[in-house]
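**Q** Would you be able to build a 3D model of this:
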Amino acid sequence: MKEFLERKQVRFSVQTYFIDALGAMAFGLFASLLIGTIFSTLGDKTQIAIFSTIAAYAKSATGAALGVSIAYALKAPQLVLFSAATVGIAGNELGGPVGALVATIVATELGKIVSKETRVDILVTPGVTIISGVLIAQFVGPGVSQFMTFFGNMVKTATEMQPFFMGILVSALIGIALTLPISSAAICIMLSLDGIAGGAATAGCCAQMIGFAVLSFWENGWGGLLAQGLGTSMLQMGNIVKNPKIWIAPTLASMVTGPVSTLVFRLENIPAGSGMGTCGLVGPIGIYTAMPEGGLKMWLGILLVCFLLPAVLAMIFGSVLRRAGWIKEGDLKLDL
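**A** A predicted model of the protein is given here:
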């Protein structure tokens with residue numbers, strides 16, 4: 001059995017399901033819901049109809065994009081990969097992104113097991129994949145969705161009641177999730193993290209991205225600044241494994257910017273933008289979408305919380321760590 005599963009590339013592990021699959025969700029979300037949200041904002045503000053039309057189509061493809069991206073991460077063969085689009089639609093419809101994740105994982109693994117094992121593979125493989133996925137979505141999806149909504153509401157309520165402490169906690173944890181090889185964007189969307197909790201999450205993500213970009217500027221130059229500041233701080237994961245102390249400065253920065261966001265500027269965000277930080281400027285765009293009447297205070301908050309404070313704080317904390325010998329030359333070097 002072990003040899004059979006290995007041949008089918010079915011590997012039961014945390015790496016496979018909670019890192020590879022969850023990480024792949026970010027690509028599916030960005031290619032559908034997130035880009036749709038950006039176009040929706042553009043359409044609302046510019047009154048250009050084509051942007052709104054694109055947004056509607058992109059958002060409607062969220063379930064299919066999730067299913068295909070997750071199945072691709074699980075190395076699904078073609079028939080399973082394409083069938084996963086249907087599973088993703090059912091999972092997302094019945095259980096949100098988490099429902100799509102669970103349903104697609106189960107369906108993909110079962111599809112891989114039966115793939116090319118019969119003479120009527122073109123019927124059996126998509127049939128098993130779709131039937132199993134839709135059944136899982138029906139039975140598991142609603143419960144999972146309710147739990148994630150409940151947990152997300154708890155986080156949002158706690159942040160409203162204790163904006164200082166929860167600002168620190170949410171900002172630090174979501175920021176760390178962004179740098180880890182998992183998807184902070186998927187986590188925020190699964191929790192429906194909006195309001196000032198979403199703003200704190202954005203603060204944490206921006207602190208990691210801008211923090212690492214500035215902290216490593218002397219080693220990586222402008223290419224590294226743009227790759228991390230507008231791309232992802234996940235690029236530093238290899239260096240973090242070698243020297244975890246380089247993670248201290250951006251994380252401390254996030255613990256400052258989080259409560260600044262929740263207490264001083266009361267920044268809000270939408271779930272689709274909360275876990276993105278400055279990646280493609282989706283985080284700031286999400287804040288603007290959530291606070292269209294925010295005015296000067298909102299713009300000042302975006303400038304300080306998303307860009308200036310993370311940069312300044314990372315430089316200050318980084319300087320202290322370098323003097324202490326915790327960060328050495330070459331520790332933040334990227335192979336770009």
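
**Q** Now do the helices in the stretch 201-336 of the chain.
**A** 217-229, 237-242, 248-259, 271-274, 282-290, 295-301, 309-323 (DSSP state H, counting those that start in this stretch).

**Q** What are the buried residues along the third one?
**A** If you call a residue buried by 16 or more other C-beta atoms under 10 Å, then helix 248-259 has these buried ones: 249-259. The way it works is simple: take the backbone N, C-alpha and C, and place the C-beta from them, glycine included.

**Q** Phe12: which of these is nearest?
**A** Distance to Phe12 across the buried residues of helix 248-259 (C-beta to C-beta) is lowest for Thr251, with 31.7 Å.

**Q** my read: the closest one touches Ala177, true?
**A** No. With contact defined as C-beta atoms under 8 Å, Thr251 does not count as touching Ala177 (11.6 Å).

**Q** So for these two, which residues contact both of them?
**A** With contacts taken as C-beta atoms under 8 Å, 6 or more residues apart in numbering, not a single residue reaches both Thr251 and Ala177.

**Q** what about Ile287, how many neighbours?
**A** Using other C-beta atoms under 10 Å, the number of residues around Ile287 comes to 28.

**Q** swap in Ile38?
**A** 22.

**Q** Quick check: closest non-adjacent residue to it.
**A** Ile285 (5.9 Å; C-beta to C-beta, 6 or more residues apart in numbering).

**Q** How many neighbouring residues does the one you found have?
**A** Ile285, neighbours per other C-beta under 10 Å, totals 21.

**Q** when you compare where the longest helix along the chain runs with where helix 248-259 runs, what's the angle?
**A** Using DSSP state H to define each element, the chain has its longest helix at helix 121-161. Between helix 121-161 and helix 248-259, the angle comes out at 70 degrees (axes from the mean of the first three to the mean of the last three C-alpha atoms, to 10 degrees).

**Q** after helix 121-161, next one along is what?
**A** Moving toward the C-terminus from helix 121-161, the next helix or strand (DSSP states H and E) is helix 163-179.

**Q** State the mean pLDDT of that next one.
**A** Helix 163-179 shows a mean pLDDT of 95 in the predicted model.

**Q** Let me see the residues that make contact with it.
**A** Contacts for helix 163-179 (C-beta under 8 Å, 6+ apart): 155, 158-159, 183-184, 187-188, 193, 196-197, 200-201, 203-205, 207-209, 212, 232-234, 236-237, 240, 247, 250-251, 254-255, 257-263, 274-275, 277.

**Q** and the next element down the chain from that helix?
**A** Remark: after helix 163-179, the chain's next helix or strand is helix 184-190, criterion DSSP H and E.

**Q** where in this protein is pLDDT low?
**A** 7, 336 (pLDDT under 70).

**Q** Share the number of residues neighbouring the residue lying closest to Cys205 once chain neighbours are set aside, please.
**A** Leaving aside its chain neighbours, Cys205 sits nearest to Gly277 (2.9 Å; criterion: C-beta to C-beta, 6+ apart). Gly277 sits with 33 neighbouring residues when counted by other C-beta under 10 Å.
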